[in-house]
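**Q** sequence? don't have it. structure:
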DNA sequence: AGCACAAACGGACTTTACCCCGCTTAGTAT
DNA sequence: ATACTAAGCGGGGTAAAGTCCGTTTGTGCT
């Protein structure tokens, strides 16, 4: 008879049916995605195929982009585990610079693999990942920068810029065609570009 | 009786009424923009206010984002003149590095001033500026990089990355709130961040 | 078990981007 | 002038995102 109130801070855990529906919707979305591609995935169709009301879909994800963000977020979690607890140089153990390079390579691979979802997750009328206020990517880069000895610099801003330099080419500046056409070649080129960039930025 | 055909290559100049309507639509769009903000600018409303058919609006601009791209493009032209023919350090005459720094500062200012339009010009389902295949920004940065003596590097990729590092924070990674709240402070911080970044990248 | 209530649900409704296609007109060749 | 034609025009039609609100249901409390 004490821990009852907690006036704010605990928004009273998601209800069980809500969880079930959310997972079911995500699974259904993934099916449709692999069968038909991202642009054919409409909210109505998703609701119908999942046998749920349209209102439910919007309640869960807020917006169309929200669905893709949720899917991306899920896959990103697995990726993030490699980063936080995997083997060097991606995981802990290597020097910060090597980790930063490895991270960029890995992320480019991840984004190339998820380019369709990642694009669809963008939403012109919102900041960016819309879900995570500060993307995981940015936080990780920020952390590694902090472990290096760069002269007094605005590390937060640098992290934002490097995040943009890493994601930007894939999210914005390279057309879908350029990517699918020769995904492998592009991927290596972008990864190499990242390595050059951070080596320049971080050399003493 | 000779220069009649030109079978391809000259798409047969825009018709006069089309030009008139395009300009009129852009002017009307700008009015509505300053009166009501970007998200209230609907295609129907624009057509009605300009006293033209909806079909005409779409014929001219293709898509909603296209209108904002056209507006941005227009303003960018004036800006670009300063860059190509203005005074140093922005214009020709200064060292490439100084010009690059000045360019970033100027572009940050430009984007902050046009943040609403610039955001609205993004179109999830297209590369990026959708108009210019390679943004002017990227070309200019590429040119300046070419004038420096950076060891063998993939200058094209570097230009893409720097473009992303310059535009990304404003287009994607900073919420509208963060920007309007303290536009001036943010602006200076981003500009300073750019300067630090390129100095690091370009130091020999 | 029964109650109270916040959360979730569903699906009709509204709004808006974008398509289509028959009609009109500017530009050009005769 | 006249006729020809491609470009442009208009606005009704469609599809899909997002909102609303009355109804249902899970959950925590007694």
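**A** Noted; the coordinates are in hand. No experiment lies behind these values; they were computed from the predicted model shown. Numbering: from 1, shown residues only, chains lettered A, B, ... in the order given.

**Q** tell me the mean pLDDT for the host helix or strand of residue A:59?
**A** Counting by DSSP states H and E, the element that carries residue A:59 is helix A:54-61. Confidence for helix A:54-61, expressed as mean pLDDT, is 97.

**Q** any residue of it up close to chain B?
**A** No. Applying C-beta under 8 Å from any C-beta of the partner chain, one finds helix A:54-61 out of contact with chain B, separated by at least 15.6 Å. In this view, the C-beta of every residue, glycine as well, is placed from N, C-alpha and C.

**Q** contacts for that helix, please.
**A** When contacts are taken as C-beta atoms under 8 Å, 6 or more residues apart in numbering or on different chains, the neighbours of helix A:54-61 outside the stretch itself are A:18, A:21-22, A:25, A:43-44, A:46-47, A:50, A:66-67, A:69-70.

**Q** report the distance from that helix to the chain centre.
**A** 21 Å (C-alpha atoms, centre = their mean, to the nearest Å).

**Q** same question for stretch A:20-31.
**A** Distance, stretch centre to chain centre, for stretch A:20-31: 18 Å (C-alpha atoms, centre = their mean).

**Q** then stretch A:19-39?
**A** Distance of stretch A:19-39 from the chain centroid (C-alpha atoms, centre = their mean) equals 17 Å.

**Q** tell me which parts of chain A are close to DNA strand D?
**A** Remark: the part of chain A in contact with DNA strand D comprises A:1, A:4, A:13, A:15-17, A:41-44, A:54-55, A:58, A:63-65, using C-beta under 7 Å from any atom of the strand.

**Q** and the helix or strand containing residue A:32, what's buried?
**A** Secondary structure from DSSP H and E places residue A:32 in helix A:16-36. Buried residues in helix A:16-36, counted by 16 or more other C-beta atoms under 10 Å in any protein chain shown: A:21-22, A:25-26, A:28-30, A:32-33.

**Q** widest-spaced pair of these?
**A** When C-beta to C-beta is used, the two most widely separated members of these are A:21 and A:33, lying 18.0 Å apart.

**Q** gap between residue A:157 and chain B?
**A** Taking C-beta to the nearest C-beta, to the nearest Å as the criterion, residue A:157 is separated from chain B by 4 Å.

**Q** torsion angles phi and psi at the closest residue to that residue other than its chain neighbours?
**A** Distances taken as C-beta to C-beta, 6 or more residues apart in numbering or on different chains put residue B:193 closest to residue A:157, at 3.5 Å, once the chain neighbours are dropped. The phi and psi values for residue B:193, taken as degrees, to the nearest 10, are phi -60, psi -40.

**Q** ok, now which ones touch residue B:193?
**A** A:154, A:157-158, A:160-161, B:169.

**Q** can you do 7 Å?
**A** For residue B:193, the contacting residues are A:154, A:157-158, A:161, taking C-beta atoms under 7 Å, 6 or more residues apart in numbering or on different chains as the criterion.

**Q** before we move on, what about residue A:145?
**A** Neighbours of residue A:145 in contact, by C-beta under 7 Å, 6+ apart: A:155, A:158-159.

**Q** which of the helices and strands in chain A ranks last by mean pLDDT?
**A** helix A:176-181 (a mean of 61; mean pLDDT, DSSP states H and E).

**Q** which bits of chain A sit near DNA strand C?
**A** Contact residues (C-beta under 7 Å from any atom of the strand) of chain A with DNA strand C: A:11-12, A:14-15, A:17-18, A:21, A:52-56, A:58-60.

**Q** relative to chain B, which of these is nearest.
**A** Of all the residues of chain A next to DNA strand C, the one sitting nearest chain B is residue A:58; the distance, using C-beta to the nearest C-beta, is 18.0 Å.

**Q** show me just the buried residues among the residues of chain A next to DNA strand C.
**A** Counted by 16+ other C-beta under 10 Å, the residues of chain A next to DNA strand C give A:21, A:52, A:56, A:60 as buried.

**Q** surely the first one is in contact with residue A:53?
**A** No. When contacts are counted by C-beta atoms under 7 Å, residue A:21 is not listed as touching residue A:53 (9.9 Å).

**Q** just the helices in chain A please.
**A** With DSSP state H as the definition, chain A shows helices at residue ranges A:16-36, A:43-50, A:54-61, A:64-85, A:96-113, A:115-121, A:136-147, A:155-168, A:176-181, A:183-202.

**Q** tell me how chain A divides into domains.
**A** According to the domain assignment given by automatic domain parsing, chain A is divided into the following structural domains: A:11-62, A:64-201.

**Q** buried ones in stretch A:196-204?
**A** A:196-198, A:200-202.

**Q** hmm, that stretch in reach of chain B?
**A** Yes. Against chain B, stretch A:196-204 shows contacts by C-beta under 7 Å from any C-beta of the partner chain at A:196-197, A:200-201.

**Q** return the residues in contact with residue A:157.
**A** Applying C-beta under 7 Å, 6+ apart, the residues contacting residue A:157 are B:189-190, B:193.

**Q** ugh, typo on my part, it should be residue A:144
**A** Each residue near residue A:144 by C-beta under 7 Å, 6+ apart is listed here: A:96, A:99-100.

**Q** what is the nearest of those residues to residue A:85?
**A** Once C-beta to C-beta is applied, the member of the contacts of residue A:144 that ends up nearest residue A:85 is residue A:99, at 12.7 Å.

**Q** and that closest one, what pLDDT?
**A** The per-residue pLDDT reported for residue A:99 equals 98.

**Q** from chain A, which residue is nearest to DNA strand D?
**A** Residue of chain A nearest DNA strand D, by C-beta to the nearest atom of the strand: residue A:16 (2.8 Å).

**Q** any idea how far that residue lies from residue A:23?
**A** Per C-beta to C-beta, to the nearest Å, residue A:16 is found 11 Å from residue A:23.

**Q** how about residue A:47?
**A** The gap separating residue A:47 from residue A:23 is 15 Å, by C-beta to C-beta.

**Q** isn't residue A:123 up against residue A:67?
**A** No. Counting by C-beta under 7 Å, no contact exists between residue A:123 and residue A:67, whose distance comes to 10.9 Å.

**Q** among those two, which residue is more densely surrounded?
**A** Relative neighbour count places residue A:67 above the other of residue A:123 and residue A:67, with 26 against 19, counting by other C-beta atoms under 10 Å in any protein chain shown.
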